[in-house]
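J.: Take a look and give me a structure for this.
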Amino acid sequence: ARQRQRGSTMMTTKSPDLRPGITRVRDSSGFVGTVVYVGPVASAKSPAEVYAGISWDDITRGKHDGSVLCRTTNAIVRHFKCGPTQGSFLRLSKVDVGVALTPALMRSRYVSPDAELVAPGNVLPHYARTAGGRDKPIEFLGEVKIRSRQQLEDAEEISLRMLGIARPCGPEEETAMEEFGHLKSIDLAGNLLSDWEDVLAILRQFRNLQSLSLASNRINDLSPASAGGFSMTGMTNLNLNSTNINTFETVRLLGEAMPNLEELCLAHCDLSDVERYGSGVAETGRADDDEDDDGKIPAFRNLVLLDLSDCRLTSWERQVPALRH
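T.: This next block holds a predicted model:
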């Protein structure tokens, strides 16, 4: 198994774990991008220094298109290709690869019952000026009641959106994560997850999950080797909108691992190769017995909602017979 660092947010020149085309990064302003190059830069003062070339999601965030003017030859050297103002080069010490999903991060989303009240006596430390020119204290009612309903040990749903989560916690914290095994719904949309091995490692810590959103995480396609042995039969709702899926094979593997899915969202993924799976025969050599008698993939027999918006499909009858219900 691949050994990976899961603690530090900033990379160092001694231990970079940057995989071009896969690793996602962020900056201090909240911009997110993908590492597309790791190596020396022709315009740098030191030809031996290693940089990370970033292609930002926001095409206006960068300064160039991946090409630079060579310091010695004055010729244009292209290290990667992106939009005219989409690229940047960052020193490895400046690269922020996000954080691990740790027990501390989970708890940080909620206030403990005995924490100091924001509004003691139901009054905030702020005032509003009335039309008559008087200062009237602002009341905040129900704080204690709301807090009692939001304790993590009692909650069944949690939102962890846009926190820079990129990987699971380390082995030393896995036992502590069992405290949250009761959760039934987790929203991980807009994080830095980029590898299905990391995603599946996180899911193994929440065996009671019924609903999961991974929307807007650019995750590489799932391989049969990574999916082997993984199963979450309780999962019924899965949101994979804008997750960089580029083959229906990923969807099929997830369907086998989550056979009771009722709602599946795949908007803005590239499923143009789904036609290969309509007859039950894929390039992987899988035969017609992968389907049941009515031509549907058994894993998707329970679907009642399927979002295939902007998935590069041109014919429902020709390309998606296996999902027809």
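
J.: can you give me phi and psi for F89?
T.: phi -110, psi 130 (degrees, to the nearest 10).

J.: Does it touch V50 like I think?
T.: No - if you go by C-beta atoms under 8 Å, F89 and V50 don't touch, sitting 10.2 Å apart. In short, each C-beta sits where N, CA and C put it, glycine included.

J.: quick one, which of the two is more surrounded?
T.: Set F89 next to V50 and count neighbours by other C-beta atoms under 10 Å: F89 wins out with 21 against 15.

J.: Tell me who's in contact with G87.
T.: Contact analysis of G87 by C-beta atoms under 8 Å, 6 or more residues apart in numbering lists 53-56, 62-66, 80.

J.: pLDDT score assigned to it?
T.: Note for G87: predicted pLDDT of 98.

J.: residues in contact with the closest residue to F89 other than its chain neighbours?
T.: In this structure, F89 finds its nearest non-sequential neighbour in Y51, 4.4 Å apart by C-beta to C-beta, 6 or more residues apart in numbering. Counting by C-beta under 8 Å, 6+ apart, Y51 makes contact with 37-41, 44, 89-92.

J.: One more pass at 10 Å, please.
T.: 37-41, 43-44, 79, 88-92, 94-95 (C-beta atoms under 10 Å, 6 or more residues apart in numbering).

J.: Equivalent analysis for E143, please.
T.: 111, 117-120, 122, 124.

J.: The helix or strand S55 falls within pairs with which strands?
T.: Assigned by DSSP states H and E, S55 belongs to strand 51-56. When pairing is defined by DSSP bridges, strand 51-56 lines up against strand 32-39 (antiparallel), strand 87-91 (antiparallel).

J.: Name the next helix or strand downstream of the helix or strand hosting E197, please.
T.: Using DSSP H and E, E197 sits in helix 196-203. With elements assigned by DSSP H and E, the helix or strand that comes after helix 196-203 is strand 211-213.

J.: Which strands or helices does that following strand pack on?
T.: The contact analysis (3 or more C-beta pairs under 10 Å, 6 or more residues apart in numbering; DSSP states H and E) places strand 211-213 against strand 185-187, helix 196-203, strand 237-239.

J.: Where does pLDDT dip in this protein?
T.: 1-16, 278-298, 320-325 (pLDDT under 70).

J.: Mind naming the longest helix for it?
T.: helix 248-257 (DSSP state H).

J.: show me where the stretch 1-150 of the chain has helices.
T.: All helices of the stretch 1-150 of the chain, identified by DSSP state H, counting those that start in this stretch, fall at 103-107, 143-149.

J.: can you put those in a markdown table and add distance to S194?
T.: Formatted as a markdown table, the helices of the stretch 1-150 of the chain follow (distance: least, C-beta to C-beta, whole Å):
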| stretch | distance to S194 |
| --- | --- |
| helix 103-107 | 18 |
| helix 143-149 | 34 |
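
J.: Deepest-packed of those helices, please.
T.: Neighbour counts (mean count of other C-beta atoms under 10 Å) averaged over each of the helices of the stretch 1-150 of the chain peak at helix 103-107, with a mean of 15.

J.: And for it, what's in contact with it?
T.: 99, 152, 158, 160, 163-165, 169, 173-180, 183, 186.

J.: Which members of those residues are classed as buried?
T.: 99, 152, 158, 160, 163-165, 169, 173, 177, 180, 183, 186 (16 or more other C-beta atoms under 10 Å).

J.: for those, which one is nearest N208?
T.: For these, the closest approach to N208 (C-beta to C-beta) belongs to L183, at 6.7 Å.

J.: Please identify which helix or strand holds that closest one.
T.: Judged by DSSP H and E, L183 forms part of no helix or strand.

J.: Please name the residues that touch it.
T.: L183 makes contact with 106, 152, 155-158, 205-211, according to C-beta under 10 Å, 6+ apart.

J.: want to throw these into a markdown table with distance to R318?
T.: What follows is the contacts of L183, written out as a markdown table (distance: C-beta to C-beta, whole Å):
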| residue | distance to R318 |
| --- | --- |
| M106 | 45 |
| L152 | 48 |
| A155 | 45 |
| E156 | 41 |
| E157 | 39 |
| I158 | 41 |
| Q205 | 40 |
| F206 | 38 |
| R207 | 38 |
| N208 | 39 |
| L209 | 34 |
| Q210 | 33 |
| S211 | 32 |
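
J.: Now that we have those, which of them are buried?
T.: The buried subset of the contacts of L183 (16+ other C-beta under 10 Å) comprises 106, 152, 155, 158, 205-206, 209-211.

J.: Find the centremost residue of the chain, please.
T.: Taking C-alpha atoms, centre = their mean, the centroid of the chain lies closest to N217, which sits 3.1 Å from it.

J.: That one and N208: what is the separation?
T.: 22 Å (C-beta to C-beta, to the nearest Å).
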